[in-house]
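Undergrad: quick one: sequence and predicted model below, then my questions.
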Amino acid sequence: MADYDAIVLGAGAAGMMCAAVAGQRGRRVLLVDHADAPGKKILISGGGRCNFTNIHTAADRYLSANPHFAKSALGRYTPADFISLVERYGIAWHEKTLGQLFCDGSAHQIVAMLEQECATGGVTMALGQPVSGIDHGDGLFRVGVGDQEHRAPALVLATGGPSIPKLGATGFAYDVARRFGLSVVQPRPALVPLTLGTAEQLFHSLSGLSAQVVVRSGKIRFREAALFTHRGLSGPAMLQISSYWQHRTPIHVDFLPDRPADWLLAEKRERPRLPIRRLLAQALPERLADALLERIGVEGELGSLSDKALRQTAARLSDWAFLPNGTEGYAKAEVTAGGIATAGLSSRTMEATKVPGLYAIGEAVDVTGWLGGYNFQWAWASGWAAGQAL
Ligand code: FDA
């Protein structure tokens, strides 16, 4: 005998949305989390203000082995749907930049809203208790929660990915998925700072300095701020490119994306007495300009430098290759790329095609958004899709 219609594992963004939607459709839902409070990542997100969605949400802003998979869920639960939920709760919000929507107040408001939505749906919460075991037979999932066993015909994996383990993040969803015969696309840290080796020591000394750049890896490029850190490269531009970066390949940085290729030659004609160091310090933060010129090994007045040297300098500044030696790993990664393979899931309901009643949603699935509210929108949309199907 089932005591619930669905058991949702993980009271994060996706799990709370899913449980609330299913509960409000009359389903008896148990929402389980080993943490003692729901939505811990929501609370720390967006610097405490939760970048809860992005108005430019579209499937091409997500990484996945199947780039089409996210379309259905994202199309049926849109940023406008989440905004209307936020507004029903009177939560004030603003657009910061690039379509990113944040709370005016605090991320606590989003968690409180989702908790209220769960309460409206009569969802039972079991918090602060480990999942001690999962069995499946006779059309029922039996889940040990603390010292109790609960049974339901549906089980939703919403335990996210292993990024930021100190917040209780685990790879639990992958283990359960594998046990049920689902494949897992190799997980890896994403939206994560890149590290530079000792050969790039010069740049470590720029720690704290930021610049607007265009960064490129293969055909993917982002125009945002880059930040030098004592370990390497961070800031939105670098976090974005990290999701696409492959080990042992360089990333390419254009430090002066608005300058034409021959700008240094034009400056030479106009201001031959100007030292190149002074010119570059007008276009870039001074310490950065110095470090780049030192690396290139060029100095002196523009008029004293050959056209060839100036052309080569401009070319380097617009296509600077950094060879990261790694990332700062799961401890610093905002998300995990990879995860439960979409090939085994229905894009409409998130149900495993070969295991009726088993669902996977949110970050646990191989769908990873860009920085800027895309990951929460995927959590809401995939949670909503499963919540409609339970
Ligand atoms: P989520 O991680 O939210 O929830 C998973 C839940 O499962 C957790 O409550 C966890 O305790 C629980 N759990 C894990 N293992 C378990 C186990 N073995 N048993 C029981 N429970 C278990 N995104 C965005 O769009 N805008 C933003 O502003 C930010 N900002 C941001 C900042 C920082 C510092 C981080 C780390 C991440 C972000 N993100 C973000 C990413 C975003 O937080 C993330 O993509 C979503 O929270 C994913 O939602 P899920 O519900 O899938 O997992």
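TA: Received the coordinates, thanks.

Undergrad: from residue 88, how far out is residue 276?
TA: For residue 276, the distance to residue 88 (Cβ to Cβ, to the nearest Å) stands at 58 Å. Every residue, glycine included, has its C-beta placed from N, CA and C.

Undergrad: these two: which is more packed in?
TA: The residue with more neighbours, out of residue 276 and residue 88, is residue 276; 23 against 10, by other Cβ atoms under 10 Å.

Undergrad: surely the more buried one and residue 303 touch.
TA: No - assessed by Cβ atoms under 8 Å, residue 276 is found out of contact with residue 303, at 10.1 Å.

Undergrad: residues from the chain in reach of the ligand?
TA: 9-15, 33-35, 40-41, 44-46, 50-51, 131, 158-160, 163-164, 168-170, 172, 334-335, 362-364, 373-376, 379 (Cβ under 6 Å from any ligand atom).

Undergrad: are any of the residues you listed buried, and which?
TA: Buried residues within the residues of the chain next to the ligand, counting neighbours by 16 or more other Cβ atoms under 10 Å: 9-15, 33-35, 40-41, 45-46, 50-51, 131, 158-160, 163-164, 168-169, 172, 334-335, 362-364, 373-376, 379.

Undergrad: give me the subset of the residues you listed that lies in helices.
TA: Per DSSP state H, helices hold the following members of these: 13, 14, 15, 40, 41, 172, 374, 375, 376, 379.

Undergrad: close enough to count as contact, the fourth one and residue 164?
TA: No - at 9.0 Å, residue 40 and residue 164 do not qualify as touching, with contact defined as Cβ under 8 Å.

Undergrad: end-to-end on stretch 330-339?
TA: 14 Å (Cα to Cα, to the nearest Å).

Undergrad: swap that for stretch 230-239, sorry
TA: Stretch 230-239 has an end-to-end distance of 16 Å (Cα to Cα).

Undergrad: and stretch 185-195, by the same measure?
TA: Stretch 185-195 end-to-end distance (Cα to Cα) = 24 Å.

Undergrad: likewise for stretch 351-358?
TA: Note: stretch 351-358 ends 6 Å apart using Cα to Cα.

Undergrad: buried ones in it?
TA: 351, 352, 355, 357, 358.

Undergrad: mind listing the strands for the stretch 251-390 of the chain?
TA: 251-254, 320-322, 326-327, 335-340, 358-360, 368-369 (DSSP state E, counting those that start in this stretch).
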